[in-house]
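In: fold the following.
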Amino acid sequence: MKNLHQTTTGTREVTQLVRGQATSDGDGVKLTRVIGGRTLTDLDPFLLLDEFGSDQSADYIGGFPSHPHRGFETVTYMLEGRMRHRDNQGNEGLLVPGSVQWMTAGHGIIHSEMPEQEEGRMRGFQLWVNLPAKDKMTAPRYQDIAPERIPLVEEAGGVQVRVIAGTHVGAGGTETRGPVEGVAIEPLYFDVSLPAGASFEHALPADHSAFVYVFEGQLKLGERASEAVRGDLAVLASGDRLLAKADVAPTRFILVAGRPLREPVVKYGPFVMNTRAQIIQAVDDYSSGRFA
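Out: Reported below is the predicted structural model:
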């Protein structure tokens with residue numbers, strides 16, 4: 001659906017299709033790295049996108065034991081399974097199917113993410129979002145969002161949209177806001193389900209970086225009808241609206257957009273800062289116990 005308050009500058013076309021790379025992280029958790037690998041190192045302000053999904057407990061049972069972060073945000077979206085979060089400041093939470101955690105690491109936090117199941121399917125995404133230089137040393141915080149807090153918008157033709165962040169504008173200009181608040185990049189994060197033959201059109205801020213990741217089915221994107229199949233991440237060109245169609249099969253995808261920061265990025269494992277000196281300081285602070 002088009003936001004009638006925006007001036008149309010064009011449909012977003014696909015500039016690059018990226019296939020994820022199989023890897024592991026934490027204590028041997030198997031996953032697919034889509035942003036943050038060799039093909040697409042980042043997409044300002046997005047630093048990493050991992051998809052995890054397996055019904056073999058050996059692929060996820062080791063979880064992600066205690067590890068540090070500084071200078072960015074992690075966004076975990078659970079589709080299936082249960083994951084327990086704990087940190088060194090006494091915070092604890094449980095991610096269940098359909099829930100989201102938007103964690104701002106800020107000046108530093110040490111946390112763990114461990115499965116609360118020994119069998120069954122574990123499935124979801126983790127996205128890393130950069131923080132602007134002025135916010136990198138802010139106090140850590142969490143937005144733990146239960147499934148029932150995420151609005152589900154039903155459009156004509158059986159289209160369904162879970163609005164995690166940003167604003168969905170429907171027929172007649174009806175606005176539905178996602179529960180995520182106070183994020184510097186002004187994000188949009190939708191989980192969109194299309195029946196076969198259905199289309200989805202929505203406004204996007206023209207200056208935001210944006211991508212679509214297809215995790216079920218296949219899509220045609222833009223006026224050029226570029227095809228993206230399951231496992232494809234489509235990087236989108238500038239423009240102020242997305243056009244997507246599921247021609248042949250039911251399809252599900254995430255649509256993510258955010259304001260680029262256009263600042264220097266220096267990464268070292270779980271630390272993301274603006275200069276090498278800041279990385280050295282982060283390592284020293286962590287080693288010296290100053291993340292406590």
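In: outside of the one helix or strand residue 176 maps to, which residues touch it?
Out: The secondary structure element spanning residue 176 is strand 175-177 (assigned by DSSP states H and E). Residues from elsewhere that reach strand 175-177 (CB atoms under 8 Å, 6 or more residues apart in numbering): 151, 153, 163, 166, 167, 168, 169, 170. For glycine as for every other residue, the C-beta is placed from the backbone atoms N, C-alpha and C.
In: in JSON lines, list the residues you listed along with distance to residue 46 and secondary structure.
Out: Output for the contacts of strand 175-177, formatted as JSON lines (distance: CB to CB, whole Å; DSSP: H, G, I helix; E, B strand; the rest coil):
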{"residue": "151", "distance to residue 46": "23", "secondary structure": "coil"}
{"residue": "153", "distance to residue 46": "24", "secondary structure": "strand"}
{"residue": "163", "distance to residue 46": "19", "secondary structure": "strand"}
{"residue": "166", "distance to residue 46": "14", "secondary structure": "coil"}
{"residue": "167", "distance to residue 46": "19", "secondary structure": "strand"}
{"residue": "168", "distance to residue 46": "20", "secondary structure": "strand"}
{"residue": "169", "distance to residue 46": "23", "secondary structure": "strand"}
{"residue": "170", "distance to residue 46": "26", "secondary structure": "coil"}
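In: out of those, which is most surrounded?
Out: For those, the largest number of neighbours (other CB atoms under 10 Å) sits with residue 166, at 24 neighbours.
In: count the neighbours of the residue nearest to that one when sequence neighbours are not counted for me.
Out: Closest residue in space to residue 166, ignoring its immediate chain neighbours: residue 188 at 3.1 Å, by CB to CB, 6 or more residues apart in numbering. Per other CB under 10 Å, the neighbour tally for residue 188 reads 24.
In: what's near enough to touch residue 188?
Out: Residues near residue 188 by CB under 8 Å, 6+ apart: 165, 166, 167, 204, 205, 208, 210, 255, 256, 257, 258.
In: quick check: bridge partners of it?
Out: Under DSSP bridges, the beta-bridge partners of residue 188 are residue 257.
In: roughly how far apart are it and residue 198?
Out: Residue 188 sits 20 Å away from residue 198, taking CB to CB, to the nearest Å as the criterion.
In: equivalent analysis for residue 192, please.
Out: Distance of residue 192 to residue 198, given as CB to CB: 10 Å.
In: next one: residue 213
Out: Residue 213 sits 18 Å away from residue 198, going by CB to CB.
In: quick one, which of those two is more surrounded?
Out: residue 213 (23 against 20).
In: what pLDDT does that one get?
Out: Residue 213 is assigned 98 on the pLDDT scale.
In: surely it and residue 46 touch.
Out: No. Between residue 213 and residue 46 there is no contact under CB atoms under 8 Å: 10.9 Å.
In: returning to that earlier point: go ahead and build a ChimeraX selection from the buried members of the contacts of residue 188.
Out: Buried residues among those (16 or more other CB atoms under 10 Å), as a ChimeraX selection:
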select :165,166,204,205,208,210,255,256,257,258
